[in-house]
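> fold the stuff below for me.
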Amino acid sequence: MPNSVETVFQWSDGPFLQFKNKYIVSLIPVLQKRYGITIRWNYFATSHGKGPDDGIGGSVKRQVWTAVNSRKALASDASSFCSTAQEVSNVNVVHVNSDMIHSANSKLNTSKLFEKSFV
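Okay, the predicted model is just below:
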């Protein structure tokens, strides 16, 4: 399968838990070497609410909340939240379910990455 991806940009809410997980940090160079890609891991300031992503996310959540509060929608899980968000906002919200994650992990063969211990 030809690789058309050159750079992967990873965005995280905040580094608190990620920095406690040595495997995540250890995997970045392994993945870069194995797949010939560049990985850039970016962190948002946790709970600060000052960045553009916080404003967009807050706006979408408010619009979904308004729809639910006015009984025009029901958002009881991630999937229904995303569906409602697509209907009430102009933001493209994507629901990534566990099947999609397992499929991506299978394609990337991530189980092999954990067979070796990382120092």
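> only C-alpha atoms for contact and neighbour calcs from this point on.
OK.
> per-residue pLDDT, residue 119?
Here, the pLDDT recorded for residue 119 equals 44.
> again with residue 62
If you check residue 62, the pLDDT there is 90.
> please apply the same query to residue 68.
At residue 68, the model reports a pLDDT of 93.
> so how far is residue 57 from it?
Residue 68 is 16 Å from residue 57, where distance means Cα to Cα, to the nearest Å.
> swap in residue 36?
Residue 36 sits at a distance of 33 Å from residue 57 (criterion: Cα to Cα).
> may I see the buried residues of stretch 73-92?
Within stretch 73-92, the residues that count as buried by 16 or more other Cα atoms under 10 Å are 73, 74, 75, 81, 82, 83, 84, 85, 86.
> farthest-apart pair in these, please.
74 and 86 (13.0 Å; Cα to Cα).
> give the contact list for the closest residue to residue 81 other than its chain neighbours.
Using Cα to Cα, 6 or more residues apart in numbering and skipping the chain neighbours, the partner closest in space to residue 81 is residue 75 (4.7 Å). Taking Cα atoms under 8 Å, 6 or more residues apart in numbering as the contact definition, residue 75 lies against 64, 68, 81, 84.
> sec struct for residue 75, please.
coil (DSSP: H, G, I helix; E, B strand; the rest coil).
> over to residue 4?
Here residue 4 takes the coil state, with states given by three-state DSSP.
> what distance do you get for it to residue 27?
For residue 4, the distance to residue 27 equals 21 Å [Cα to Cα].
> tell me which of those two has more neighbours.
Neighbour count, other Cα atoms under 10 Å: between residue 4 and residue 27, residue 27 has more, with 15 against 7.
> I'd assumed residue 113 was in contact with the more buried one.
Yes. If you go by Cα atoms under 8 Å, residue 27 and residue 113 touch, sitting 7.4 Å apart.
> please go through the protein and pick out the longest helix.
When the chain is parsed with DSSP state H, its longest helix is helix 52-69.
> from the contact counts, what lies against it?
Here helix 52-69 touches helix 78-88, going by 3 or more Cα pairs under 8 Å, 6 or more residues apart in numbering; DSSP states H and E.
> other residues contacting the helix it packs on?
In this structure, residues lying in contact with helix 78-88 by Cα under 8 Å, 6+ apart are 60-61, 63-64, 67, 73-75, 91-95.
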